[in-house]
Every structure is written in C-alpha cells, then in structure tokens.
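Q: Here is a sequence together with a model predicted from it:
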2 protein chains.
Amino acid sequence: MMAGMRTYAQNCGVARALDLLGERWTLLIVRELARGPKRFRDLTASLEGIGTNLLAARLRSLQEAGVITAEKLPPPAGVPGYALTDTGRALTPLLEDLALWGLEIPWPGAQQARSRAAWAAMTMRANMERSERPPPDGVYEFDVGGEQFWLRVSSGASQLLDGPAPIEPDARVSGDGAAFLRLAQGGRIPPRGALKVEGDRERLRTLMRTFRFPATSPGQGNP
Amino acid sequence: MMAGMRTYAQNCGVARALDLLGERWTLLIVRELARGPKRFRDLTASLEGIGTNLLAARLRSLQEAGVITAEKLPPPAGVPGYALTDTGRALTPLLEDLALWGLEIPWPGAQQARSRAAWAAMTMRANMERSERPPPDGVYEFDVGGEQFWLRVSSGASQLLDGPAPIEPDARVSGDGAAFLRLAQGGRIPPRGALKVEGDRERLRTLMRTFRFPATSPGQGNP
DNA sequence: CGGAATCCTCTTCGATACTG
DNA sequence: CAGTATCGAAGAGGATTCCG
C-alpha cells in the first residue's frame, strides 16, 4: 500500500482486503496469475484496455502487499515475470465465489464481451471444487480456441494451469473454443464433432459429470 | 448497470461480478446490509467518508443489478430503507472469504482505523461457519461498545443481525467494545470483568470454542 | 429533519507516445 | 519487451443546496 493511497480506514477484514484488492483491475490480475506465472505482455493481452501505466502500478502495489512476486519464470523461459505468493494463492476460493456469483446474474453485455477458454475453465474448476461427488484423479489437457491449459486432479484437490501438461495427460480435449465455453460455463453438451477427445474418454466423462450441478451457497437469511 | 458505465466486457464470472460490485464502497454497502435492512443515514454513519451523492448512486446501481431493494423497513419502524435481495444475500460467503483473507494481511493502518463491534461479529460468524465442530443452537444477544446485535444458530446454520434479539436470548454478552473486538477478531480471551455474560454461560463458552482462529493474527490490536 | 441532487476540486483511469 | 511519461476524461470526496 503506497503512501497517500486511498484507504477505507476501517478495522474490518472486508475493508482491509479491499484496500489492497478493491481498485480497478487488481482482482483480474490475480485471476490471470492464478493459472500460473505470466509476463507483463501476457497480462496486457488478457486484460484488454488496462493501459500499461496502470498495470505497472497495480503490479507494484500487489508486490508491496505480498500478493505477488516479480521473478524470472521457470526454465526454459527464464524471462522476467510475475507469480502469486502463498498469500495470493489463498485468494483462489474468493475468485471462485465471485465467478459463480457473477455467472448467475443477468447480463446485458454478453454480445460485445471477449471470451477466453481459460476463464471458462476456471468456472469449471470452481464448480468441480464445490461438487458433491469427488472428481476422478488424473491429468487432463485442453487445447481449445487457440488456448492451452491443463488440469490436475489428485485425491479431491485440483490445479488449473496454463500451457501444455508437463507429463503425458490421461485425456486430451481439443477443438472449438465456443463449444468448450458453453460446456465449461453452462454445462451444455457440445454438438458432435465440436470437441475431440483423446485418451481416457470415460474418465473425462466422469470428470464432466462432477461439475454439471453447481453447489448452491447457503447464504444467510434476513427475516 | 447504468448506460455508459464502465465495464470490463469480459465473459468471465469474476469480471461480470466486478462490473457490479467492483467500484469503491459497493461491497462495504453490501456488508452493512448483510446484518439486516438499514436506512440511508445508518449507512452514511457506518461508511464514514462516503458522501451522500456517491451512496445514493451506489444504492441505485445495486437496485438495478438486483442486489438490493428499497422498501419500507418492517414495523414498528415503517420508514424507508434498503435490504438485500436473495441475490445480495448470496454474497455473504464471499464477504466472509474476503474478511478472513484481509485479517491475515499485515496492516500498517491499524492506528487510525475505525472499529465496530458488528464488523468483528461478522468475522466471528465467518470463523464459526468454517469451523470443524458444529456451533451450539441458540439465540445469543450482544450489547458491546454501544452496538447491539444478535446471533441465531440453528442446526449448523447461523444468522447475524443488528438490533436486539426478537425473542428472549439464551445468553447475553455486554460490556467493553474493544475487549469484544479482540475476542471476536483474534480469539483473545478478554480480561475478567471486561465482558459480562448473562444466561447460559456454558453454551456461550461452547460457541466460542467453535471459532477457528489463525495461529497468528497480524495487524490486530486497535485501541 | 432526513434523503438526495448539485457544484467544485482533486484523484484516478485510459489511451497513446515514448524510452532504457 | 518492459515499462515510464503525458494528458484529456471520468470518478471520488466534501460542502452546500434543494425538496418533502
């Protein structure tokens, strides 16, 4: 938090969190880094409209807050980049709560909005994490709409990262980005041929079944 | 969402949620309403520094988004006020995630910050909801630091609302606001005499034991 | 008197141009 | 490629005024 920065000055966890995360773009930067380290230009590409000065300022405050670190990306890249700290990774459930809430809201702007398969994949993982039935262990690779990411499920816990899977996946999904989007974000079965599945087809089907039914948040009642 | 309003234009739940909730003060308004309906001046009092024009604008957008409604408060008040809708109430887990995350972050601004017992009570409920052991059913009333609120626990679910309990509570806590704050936000046992307990002392003790507190709570201690 | 709209100043944002 | 510098536009903060 920089000197002279705006603060709510309230000793409340919500206000304190928002002092660090509440400004424009900040949580979207965390969202992007949640799928693994990124470099500056990756972020400007994903966050269309941010302006490089603002991105630089946000990255600086997030570092000061201990949410991200600036460091060289792992080999073979070896170039400078940004990654979440443990504190930053602790925001994942929060991002997922936000995502599931946001998708329930009627939304007039759907037409002009940009879509990304990786964002839909985050929804998919969020639903999976909140599912009643445990997802099947395995490594699943996706190559849809020109984006590549992979999901690892291991005894209930899961991990979603950008890029190709570092080991041979148990199943691989590739094909049309829009079809994947409707599947991952809305649970709608894609038309035959839109997505190609290689490998353990049955395990992938079981995986998909775990997130078809989003968990409903209990919430709190006001009488 | 008003015409001409700023939007991320990203088809992602996080971005869509932030289009509605991401502006300054918005989530703090939801936080205040999470403890029951409030009138305009209650909100200006809790959200010191907001400015009446901005509060009015936020209340308008939240209504358009279907997060809150403007309606007469329940009798005997009967005056106009604002309350969360079901959609708004669904944000409670999110606020709690934010609060618990925010309290873990080192915080330089503790000295100048305002404190409220009701905010600490929300932390208390958040910890309770995430506890391994079920909290004991009952109605608990608090009258600390000049604020009054009550907690109802019923078969695992709980509800925290401002004002006096509508029925005779099973236990009642009253006394020093700062002592309650340290207890509810950090799990620190208050000095003898700082808080008075009436009614079912044992049940209240069991309730307190269900809280799951962080090993170390940095940035606490607001005198 | 409570609830909100108006005005004015200051800060932040967004887009582009520019530099190490 | 990774940022910094710049500047018009939009948003926030605070006081005041209007309306019932």
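A: In hand now; what should we look at? Here the structure is a predicted model, which is why all the values come from computation and not from measurement.

Q: contacts and neighbour counts: CA atoms only from here.
A: Fine.

Q: Contact partners for residue A:43?
A: Applying CA atoms under 8 Å, 6 or more residues apart in numbering or on different chains to residue A:43 gives the contacts A:29, A:32.

Q: For it, give its distance to residue A:54.
A: Residue A:43 sits 12 Å away from residue A:54 when distances are taken as CA to CA, to the nearest Å.

Q: Does residue A:6 lie in a helix or a strand, and which?
A: According to DSSP states H and E, residue A:6 maps onto no helix or strand at all.

Q: Could you give the backbone dihedrals for the closest residue to it other than its chain neighbours?
A: Sequence neighbours aside, residue A:19 is the residue nearest to residue A:6 in space, at 7.5 Å (criterion: CA to CA, 6 or more residues apart in numbering or on different chains). When read as degrees, to the nearest 10, the backbone of residue A:19 gives phi -60, psi -30.

Q: hmm, stretch A:39-54 touching DNA strand D?
A: Yes: with CA under 7 Å from any atom of the strand as the criterion, DNA strand D is reached by stretch A:39-54 at A:39, A:40, A:41, A:42, A:51, A:52, A:53.

Q: so how far is that stretch from its chain's centroid?
A: With CA atoms, centre = their mean, to the nearest Å as the basis, stretch A:39-54 stands 16 Å off its chain's centre.

Q: can you pull the contacts of residue A:79?
A: Going by CA under 8 Å, 6+ apart, residue A:79 touches A:39, A:72, A:73.

Q: likewise residue A:24?
A: B:22, B:23.

Q: List phi and psi for it.
A: The phi and psi values for residue A:24, taken as degrees, to the nearest 10, are phi -60, psi 140.

Q: Residue A:154 now?
A: The phi/psi pair for residue A:154 (degrees, to the nearest 10) is phi -140, psi 110.

Q: burial count for it?
A: When neighbours are counted by other CA atoms under 10 Å in any protein chain shown, residue A:154 registers 13.

Q: Surely it touches residue A:129?
A: No: look at residue A:154 against residue A:129 with CA atoms under 8 Å: they stay out of range, at 11.9 Å.

Q: So which of the residues of stretch A:39-54 next to DNA strand D are in helices?
A: Within these, residues falling in helices by DSSP state H are A:40, A:41, A:42, A:52, A:53.

Q: now those residues as TSV including pLDDT?
A: Below are those laid out as TSV (pLDDT from 0 to 100):
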residue	pLDDT
A:40	94
A:41	92
A:42	94
A:52	92
A:53	92
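
Q: Any chance of the residues of stretch A:39-54 next to DNA strand D in TSV with distance to residue B:116 as columns?
A: As requested, the residues of stretch A:39-54 next to DNA strand D are arranged in TSV below (distance: CA to CA, whole Å):
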residue	distance to residue B:116
A:39	41
A:40	40
A:41	43
A:42	42
A:51	38
A:52	39
A:53	37
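
Q: Filter those down to the buried ones.
A: residue A:39 (16 or more other CA atoms under 10 Å in any protein chain shown).

Q: From residue B:192, how far off is the residue positioned nearest the centre of chain A?
A: Nearest to the mean C-alpha position of chain A, by CA atoms, centre = their mean, lies residue A:122 at 4.0 Å. Residue A:122 is 49 Å from residue B:192, where distance means CA to CA.

Q: pLDDT wise, what is the residue of chain A found nearest DNA strand C at?
A: When you check chain A against DNA strand C by CA to the nearest atom of the strand, the closest residue turns out to be residue A:49, at 3.3 Å. Model confidence at residue A:49, expressed as pLDDT, equals 90.

Q: can you check residue A:120 too?
A: Residue A:120 is given a pLDDT of 95.
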